[in-house]
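1. Need coordinates for the following:
(2 chains, ligands or ions: 1)
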Amino acid sequence: MTISQESTTEAVRALVDKHLNLTAHGFEFGVDDDLWNLGMTSLSCMGLMLTIEDTFQVELPEEALKEDTFRSVGSITAAVRSASEVRA
Amino acid sequence: MRTESASHKVRPDQADIVIVGNGALGLFLADELVERRAGSVVVVGPGNRDAGASAAAGAMLGCFGETTTESLRTDASRTRFELGVRAHDRWPEVTARLEEYSTTGSPLLVTPESHVVLNSIGATLDTVNYEAMIKALDEYGKPWAEIDPNEIPGYRPRLDTRALKAVHLPNEGAVDARGVLAALENRLAQTDTVLVDQTVAKLVRNNGQIIGVELDDGHFIEAGTVVVATGARSEALVKTALDDFDTVPMFPGLGFAMLARRTGGEKFRSVVRTPNRGFACGLHVVPGPGDLEYYGATNRLVDTVSSVTWMADVRFLAQYSMQQLDERVASHEVVKWLAGNRPVTLDGFPLIGWLPLSGLYLLTGTYRDGFHCAPLLAEHVANELQGKPGTIDPMFQPTRKPIETRTIEWSIDEYVEHNLAGWFETGAQAAPQMTTNQIADYYRNMAIKFYETMNIDYALGPDILWYAQGSLLGARRVARYFQRLARAEAQPVGA
Ligand SMILES: Cc1cc2nc3c(=O)[nH]c(=O)nc-3n(C[C@H](O)[C@H](O)[C@H](O)COP(=O)(O)OP(=O)(O)OC[C@H]3O[C@@H](n4cnc5c(N)ncnc54)[C@H](O)[C@@H]3O)c2cc1C
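-> Numbering: from 1, shown residues only, chains lettered A, B, ... in the order given. Reported below is the predicted structural model:
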């Protein structure tokens, strides 16, 4: 099954939003906005990482487990897509 | 008899027993097996012991000096603690046996005694651990005496971090770790044992049986019995033969210490140490060998084994040795920077026993006192390899589930207490209007959120919690491990 870039981005965006409670608190955010500046903490990032892996059924490579990977919806999407390619 | 420590250049093709790892555990085991004439033994490990724990150890023979409030709180921790107590009795015979193989020119037992100081900088954690130590000494009938800190030879801290209380432990000393390792190698070199100065790339199996090891250059050594004693690298090596087997996860506890030459002032003549401290083993100085002094040690759980040193750790050790042990340390000449990785398990207990692959044995997870326990563990493992009854409790078997010693609430309290200790010891400043309780609340909330996020009900020790909340890789390893355990348990038997 191949999932389009757009639908992955949308799904990541929804997870990020749910995890960081962004729109609920009136924040708007785009694909490239820096989540660390939007209040993501190391703990919320940790939860997000676990959820992302569970949802997309991927295992991010060890070198992807760093701040930069989780900086934005775009960077997370890219990591998810490259991990799914490895799997496929 | 004096010989140069030498790794044989020949590489055997076959042995009865291959020990992978040339740290304290591997070498003491080899020595024990040779003593028993238990067959041909090959030890594989790099001569420089890259990032190993043993060569970086202070090698305090400490069991009571290491006591914490946790040591005797549960049956499991008590069993673990008593390994140390029993190991202690071995050392007079060990040093006597090894002395003639030593080439350091000074005694392997660098001091037979310790002083434990209680200063105010380590927060309440120091106080409760100090009290726990005295209680344990009394319970086990070991000698100790309160002493005026000013009478401890060499002990000259800055006034603001001076101790107001101290105890003398006349029977708890330290050995020269590097000297002991060299003496063991010299002793083994006089026997048929072969020390191969290389690393093992992978364990080789055939169906349900281990058949040998493959070295980094592809050379194969055939053996019916293989013992993995590669310290913090053990789990990774076991995985090369048992990919789908989950031992209790292991993490490297990177530690930093310094060997320095004193340039003035009165020498230390005993181990002088604080109680065990926030996440670490307390600050200590070990005198010797010769005119050197060992200052240790930091402890930081990390993602991967390496021998790097954090600048923060260098500052920590240099500054606090100078403040809390002896002002003159500032002008000591550092002759060696030591960095090594303690083999730390998720539940804090060792991993010792047969693995689910015939002929494969695991000996690791000794964390802070593996040097001290090595001779005792060697006897136990040699027994097991020879099919005799072991001499320690079977609870440390690597096929176990993580041992539980605390509740989540307890874990959170401990985490708070360790962080406060770290906070104050490192001189962190809070805004004047901020109380200690508020700092504690911050750490408490962090720990509560951590457990919510991880969704695990196993209560972690403070060091593992600290690591996992700061490392995505660490958090993932812990979370996924417990998920796999839960899945395995949910599966009906025989499925
Ligand atoms: C700074 C510091 C201070 C310490 N202080 C004390 C103390 O005062 N008292 C005490 O009792 N304990 C102390 N410890 C703990 C103690 O050092 C360890 O518990 C113990 O040394 C572990 O021994 P080991 O043989 O299992 O592991 P290690 O000493 O780590 O030995 C493992 C060996 O295996 C080798 N190896 C790794 N991978 C491979 C491979 N693939 N093939 C072949 N060889 C391999 C490594 O190079 C290494 O030489 C301290 C540790 C540190 C880091």
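2. ok, how many other residues are close to B:Leu420?
-> Neighbours of B:Leu420 under the rule other C-beta atoms under 10 Å in any protein chain shown: 21. C-beta: built from backbone N, CA, C; applies to glycine.
3. Sorry, wrong one. I was asking about B:Leu159.
-> Here the count is done by other C-beta under 10 Å, and B:Leu159 has 7 residues near it.
4. With A:Gly74 instead?
-> A:Gly74 is flanked by 15 other residues according to other C-beta under 10 Å.
5. what's the answer for B:Gly122, then?
-> A count of neighbours around B:Gly122, defined by other C-beta under 10 Å, yields 27.
6. from what I can see it touches B:Thr426, true?
-> No. Using C-beta atoms under 8 Å, B:Gly122 is not in contact with B:Thr426, being 10.6 Å away.
7. Report whether the helix or strand hosting A:Met46 contacts chain B.
-> Using DSSP states H and E, A:Met46 sits within helix A:42-56. Yes. Against chain B, helix A:42-56 shows contacts by C-beta under 8 Å from any C-beta of the partner chain at A:Ser42, A:Leu43, A:Ser44, A:Cys45, A:Met46, A:Gly47, A:Met49, A:Leu50, A:Glu53.
8. Ignoring the adjacent residues along the chain, who's closest to the residue in the stretch 101-250 of chain B that the ligand sits nearest to?
-> Of all residues in the stretch 101-250 of chain B, the one sitting closest to the ligand is B:Gly231 (2.4 Å; C-beta to the nearest ligand atom). Spatial nearest neighbour of B:Gly231, excluding adjacent residues (C-beta to C-beta, 6 or more residues apart in numbering or on different chains): B:Pro343 at 4.6 Å.
9. do the same with A:Val80
-> In space, A:Val80 is closest to A:Phe56, 5.1 Å off (C-beta to C-beta, 6+ apart).
10. Run a quick neighbour tally on the one you found.
-> 22.
11. Distance check, it against the ligand.
-> From A:Phe56 across to the ligand, the span is 34 Å (C-beta to the nearest ligand atom, to the nearest Å).
12. swap in A:Met46?
-> Taking C-beta to the nearest ligand atom as the criterion, A:Met46 is separated from the ligand by 27 Å.
13. With B:Phe279 instead?
-> B:Phe279 sits 13 Å away from the ligand, going by C-beta to the nearest ligand atom.
14. quick one: secondary structure of the closest residue to chain A within the stretch 301-450 of chain B?
-> When scored by C-beta to the nearest C-beta, the stretch 301-450 of chain B has B:Lys449 as its residue closest to chain A, at 5.3 Å. Secondary structure assignment for B:Lys449 (DSSP: H, G, I helix; E, B strand; the rest coil): helix.
15. That one contacts A:Leu43, correct?
-> Yes. Using C-beta under 8 Å as the test, B:Lys449 is close enough to A:Leu43 to be in contact (5.3 Å).
16. The two: who's more crowded?
-> A:Leu43 (19 against 16).
17. Just to check, that one is in contact with B:Asn445?
-> No. Assessed by C-beta under 8 Å, A:Leu43 is found out of contact with B:Asn445, at 9.8 Å.
18. Tell me which helix or strand B:Glu293 sits in.
-> Per DSSP H and E, B:Glu293 falls inside strand B:292-296.
19. Much appreciated, bye for now.
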